[in-house]
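Trainee: A structural model of the following input is requested.
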Amino acid sequence: MNLPTAMAGSRDELVQDCAQTLVGIFADYNTEFRAITRRARLRFELRDWRGSQRDAVARIELYDKYVENTVATMRKRLGDDGLERSLWSSIKRRFAELIDPLPDAEFAKTFFSSVTRKTFGTTGVDPAVEFVALDLDPLGSVTTHVETKVYTNRGSVDLLVEELLADFRFRAPYRDFERSVKTVTDELKASLETGGERRTVERLEVIKEVFYQMTRAYLVGRLSGRGWTLPFVVALRNQDSGVVVDAIMLEEGTVSVLFSFTRSYFHVDLAHVGEVVKFLKEILPRKPVSELYTVLGRARQGKTERYRELFRHLQGSDDQFVLAPGEKGLVMVCFTLPSFDVVFKLIRDKFPVQKNILREDVLQKYELVFKHDRAGRLVDAQEFKRIKFPKVRFAPDLLHELLTETAATVHDEGEQLAIDHLYIERRMTPLNLYVREASREQAEKAVLDYGQAIRDLAVTNIFPGDLLLKNFGVTRHGRVIFYDYDELCLLSECRFRHLPPPRDFDDEFSSEPWFHVSENDIFPEEFLTFLGLTGGLRHLFAHEHGDLLRPEFWIAMQAEHKAGRLPDVWPYPPSKRLGR
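Mentor: Alright, predicted model coming up:
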């Protein structure tokens, strides 16, 4: 039916007004996001680490706050027409036209889709009122290059490094500038002359903006010579005595771990994030684009990219989703697609009696991890809602388990399987399987890092709860990561106790405790009995990490947190540290 001219004009004005309003709201979000991000420099200069933590949480919470407020704004603006799909479709077209010339326009599209998905409660994808991730390619639209500082070797690496560090100065001075230059130069020369090969530096290119992450600042770029290019990262720390060079990283593996899915997000103020992602992808070719967007703080765009990577992969593959290897989870159903490097996790409808938690508790644990300092030891789980998969891609036994064990959130819709809620994480090898199949040397290294992972989590005020090996995984870089969050809690909420000695023979051989145990009581002296380590690996853990098996370690760590001190967790191997 054709609308009268006056009504048509009124509708066009409404579409224009709504589209412009949405563009303006997203611009406000982006402005506030960048304002929080820019505070990182001052936090670093003033050594305000608590402020850095608050900023990290505030920036993470910002997106949902803006989406919620925008949904309310549009409902008020549109009134009874708030759920008219044809109107929203027109708003979407005009919105796309308005944002087309903007940098990182895909971010605005993701925001628009978040608003409409919440407005309509969309399951799967509704192309009429949202931008389809498969149609987006943020890096494909990047035609410019990230702004960098370029340093040319004119015959002296010392002068090149001096020029670099002179360009990156802070309100807090270098503790010893000349020594800092020598430290970087010596390490650079030593690294380039290993293996009997001498490589001559011709060019150093460093991203203009400094990357901040908790207690450190990073200069990120690439080093090149005739026929070779290496990543180049300098880590800086601000101590009481001034700024020091703490590490230099030239290996792809080490830099990849720094930009890992287990790390807290960087705070780096970027006018065009896509340019930086493209630059990083060139020096870290194995790193998924979704993880690069995420670690730069654009978590929602990271989710969009993860969705795009997954469904494009489904279009070009034919293997089936199967139950994930390892022991069956009591709280989660875990499955994977063998040809794709992630694992999918759904909360079961019911938990066994030994799991004294509710579904809401599990959701809160994952929310805690999302906002907490992950210290390189907690996997970043991306939460997806109302997503659909082709049912034919599910193996029969997995499909049966999902429809029986997670029936409250998984729905059979004929050719499609609709899932109301799930988490997607990077896939790792369960630690219990790894130590069983690895060489002795690899297994010992993993067990040592397992103990270090527990320590690193304690430093960030996290107690895993369930320390069984099956709840930890091993990455392709050999790092041990914790990924089972249903019993995770803040260390400060725990009560660590010594085991009371048995009073008599009956106590000693009783299957039940002879003393009162409160809900938050933890007895570290029992850990070794339940970890699942045997033989030489058990002895190795007890020898190297024996203090974890006594309450004193945990109580001392609690005291550190209570006093407001922040013990350090190195985001790179101790062997890389130079500023000791």
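
Trainee: Tell me the spacing between V71 and Y423.
Mentor: 23 Å (Cβ to Cβ, to the nearest Å). Where you see a C-beta, it was placed from the backbone N, CA and C, and this is true even at glycine.

Trainee: More neighbours: those two, which one.
Mentor: Per other Cβ atoms under 10 Å, whichever of V71 and Y423 has more neighbours is Y423, with 23 against 17.

Trainee: Check the gap between that one and L469 for me.
Mentor: As defined by Cβ to Cβ, Y423 lies at a distance of 21 Å from L469.

Trainee: How about L314?
Mentor: Distance, L314 to L469, using Cβ to Cβ: 32 Å.

Trainee: higher neighbour count, the two?
Mentor: Ranked by neighbour count (other Cβ under 10 Å), L314 and L469 place L469 first, with 23 against 17.

Trainee: helices and strands around the top helix by length along the chain, which ones?
Mentor: In the chain, with assignment by DSSP state H, the single longest helix is helix 5-46. Applying 3 or more Cβ pairs under 8 Å, 6 or more residues apart in numbering; DSSP states H and E, we find helix 5-46 packed against helix 49-78, helix 85-99, helix 105-120, strand 211-213.

Trainee: got the residue ranges for the strands in the stretch 451-580 of the chain?
Mentor: With DSSP state E, counting those that start in this stretch as the criterion, the stretch 451-580 of the chain has strands at 462-463, 472-474, 480-482, 489-490, 495-496, 521-522.

Trainee: Could you export the ones you listed as TSV, including distance to E252, mean neighbour count and mean pLDDT?
Mentor: Supplementary listing: the strands of the stretch 451-580 of the chain in TSV, determined by distance: least, Cβ to Cβ, whole Å; neighbours: other Cβ atoms under 10 Å; pLDDT from 0 to 100:
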stretch	distance to E252	mean neighbour count	mean pLDDT
strand 462-463	29	24	94
strand 472-474	19	24	95
strand 480-482	19	24	94
strand 489-490	35	16	94
strand 495-496	40	18	94
strand 521-522	40	16	91
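
Trainee: among the ones you listed, which is nearest R47?
Mentor: Counting by Cβ to Cβ, R47 lies closest to strand 462-463 out of these; the figure is 22.8 Å.

Trainee: what packs against the closest one?
Mentor: Using 3+ Cβ pairs under 8 Å, 6+ apart, strand 462-463 sits against strand 489-490.

Trainee: can you give me how far stretch 88-105 is from the chain middle?
Mentor: 29 Å (Cα atoms, centre = their mean, to the nearest Å).

Trainee: coming back round to it: can you list the helices and strands packed on helix 5-46 in JSON lines and add distance to V369?
Mentor: Below are the helices and strands packed on helix 5-46 laid out as JSON lines (distance: least, Cβ to Cβ, whole Å):
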{"stretch": "helix 49-78", "distance to V369": "11"}
{"stretch": "helix 85-99", "distance to V369": "32"}
{"stretch": "helix 105-120", "distance to V369": "21"}
{"stretch": "strand 211-213", "distance to V369": "17"}
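
Trainee: Nearest to K371 among the ones you listed would be which one?
Mentor: Here helix 49-78 is closest among those (Cβ to Cβ), at 5.0 Å.

Trainee: where does the stretch 1-150 of the chain have low pLDDT?
Mentor: Counting by pLDDT under 70, the ranges of the stretch 1-150 of the chain that qualify are 1-9, 136-144.

Trainee: again, 90 this time
Mentor: Where the stretch 1-150 of the chain drops to pLDDT under 90, the residues are 1-11, 49-50, 103, 124, 132-146.

Trainee: Then the stretch 451-580 of the chain?
Mentor: For the stretch 451-580 of the chain (pLDDT under 90), the answer is 466, 476-477, 499-520, 529-532, 534, 563-580.

Trainee: make it 80
Mentor: 501-517, 565-568, 573-580 (pLDDT under 80).

Trainee: residue ranges of the helices in it, please?
Mentor: Assigned by DSSP state H, counting those that start in this stretch, the stretch 451-580 of the chain shows helices spanning 505-508, 527-530, 535-544, 551-562.

Trainee: would you turn those helices into JSON lines with distance to N153?
Mentor: Shown next, in JSON lines, are the helices of the stretch 451-580 of the chain (distance: least, Cβ to Cβ, whole Å):
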{"stretch": "helix 505-508", "distance to N153": "72"}
{"stretch": "helix 527-530", "distance to N153": "53"}
{"stretch": "helix 535-544", "distance to N153": "43"}
{"stretch": "helix 551-562", "distance to N153": "45"}
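
Trainee: and the nearest residue to D373 once chain neighbours are set aside, what does it touch?
Mentor: Nearest non-adjacent residue to D373, counting by Cβ to Cβ, 6 or more residues apart in numbering: T460, 4.7 Å away. Taking Cβ atoms under 8 Å, 6 or more residues apart in numbering, we find T460 in contact with H372, D373, R374, A375, V569.

Trainee: In which helix or strand does L346 reside?
Mentor: Using DSSP states H and E, L346 falls within strand 342-347.

Trainee: For burial, what's the neighbour tally of A128?
Mentor: 12.

Trainee: K182 and M74, how far apart?
Mentor: K182 is 59 Å from M74, by Cβ to Cβ.

Trainee: which one of these two has more residues nearby?
Mentor: Neighbour count, other Cβ under 10 Å: between K182 and M74, M74 has more, with 19 against 15.

Trainee: My guess is that one contacts C18. True?
Mentor: Yes: applying Cβ atoms under 8 Å as the test, M74 and C18 come out as touching, 6.8 Å apart.
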